[in-house]
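# Need a 3D model of the sequence below.
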Amino acid sequence: MNQETAGPEAQRVEPVRNFSVLLSPTPRGARLARLLATEQLRSWELALSPADQIVAELASNAATHGRVPGRNFRLTLYVVGDTLRIEVTDTRDDRRPRLQHPAEEAESGRGLLLVDALADRWGSTAGPLPRKIVWAELRLPERWSATTSPCTRSCPGSLRYSR
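Numbering: from 1, shown residues only. Predicted coordinates:
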């Protein structure tokens, strides 16, 4: 009979957490991506910000620039060790994201600048044809616990890291 025992030298193994959902490549689908990601982060007791903003930008890009009629985009969240990885997969591998600096009067075009500023790392990779994956990673604090603000856990943005 096999038994697992943990001696004092055993290291604590953190579980890999993941969440994945298919969404329509529309403004409504992009909004739903942010709402679902926010609820998943709450259930994992992780801080909402800046991950919610990164999800919003990547999902909006998938719905705007990665849209192919009849094909959905996928939002995937992973927590592995001390890293939260956000992935958005769409069906336009021919349209890779590029950082651009729009004119001051431009009303759009700053989404990847925000992702670049908020994420610890980000990039894109080819998925199974015809897909591409745009990803961003956030390092989680070494030891974190979720705490709530004075309002309640249901207040938007109420979870914050504490040491």
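# Flag every buried residue along the longest helix anywhere in the chain.
Counting residues, the longest helix found in the chain (DSSP state H) is helix 27-43. Using 16 or more other CB atoms under 10 Å as the test for burial, helix 27-43 gives Gly29, Ala30, Leu32, Ala33, Arg34, Leu36, Ala37, Thr38, Gln40, Leu41, Arg42. Placement of C-beta: from N, CA and C, glycine included.
# Give the next helix or strand downstream of it.
helix 51-65 (DSSP states H and E).
# by how many degrees do the helix or strand following that following helix and helix 51-65 diverge?
Next helix or strand after helix 51-65 toward the C-terminus (DSSP H and E): strand 73-80. Between the axis of strand 73-80 and that of helix 51-65 there is an angle of 150 degrees, by axes from the mean of the first three to the mean of the last three CA atoms, to 10 degrees.
# who does strand 73-80 pair up with?
strand 17-23 (antiparallel), strand 83-90 (antiparallel) (DSSP bridges).
# Centroid-nearest residue for this protein?
Ile86 (2.9 Å; CA atoms, centre = their mean).
# That residue contacts Val79, correct?
No - with contacts counted by CB atoms under 8 Å, Ile86 stays clear of Val79, the gap being 10.5 Å.
# before we move on, the earlier item: can you tell which of the strands paired with strand 73-80 is closest to Gly123?
With CB to CB as the measure, strand 83-90 is the member of those nearest Gly123 (10.6 Å).
# Pull the distance from the closest one to the chain's centre.
5 Å (CA atoms, centre = their mean, to the nearest Å).
# how about low-confidence regions in this structure?
1-14, 142-163 (pLDDT under 70).
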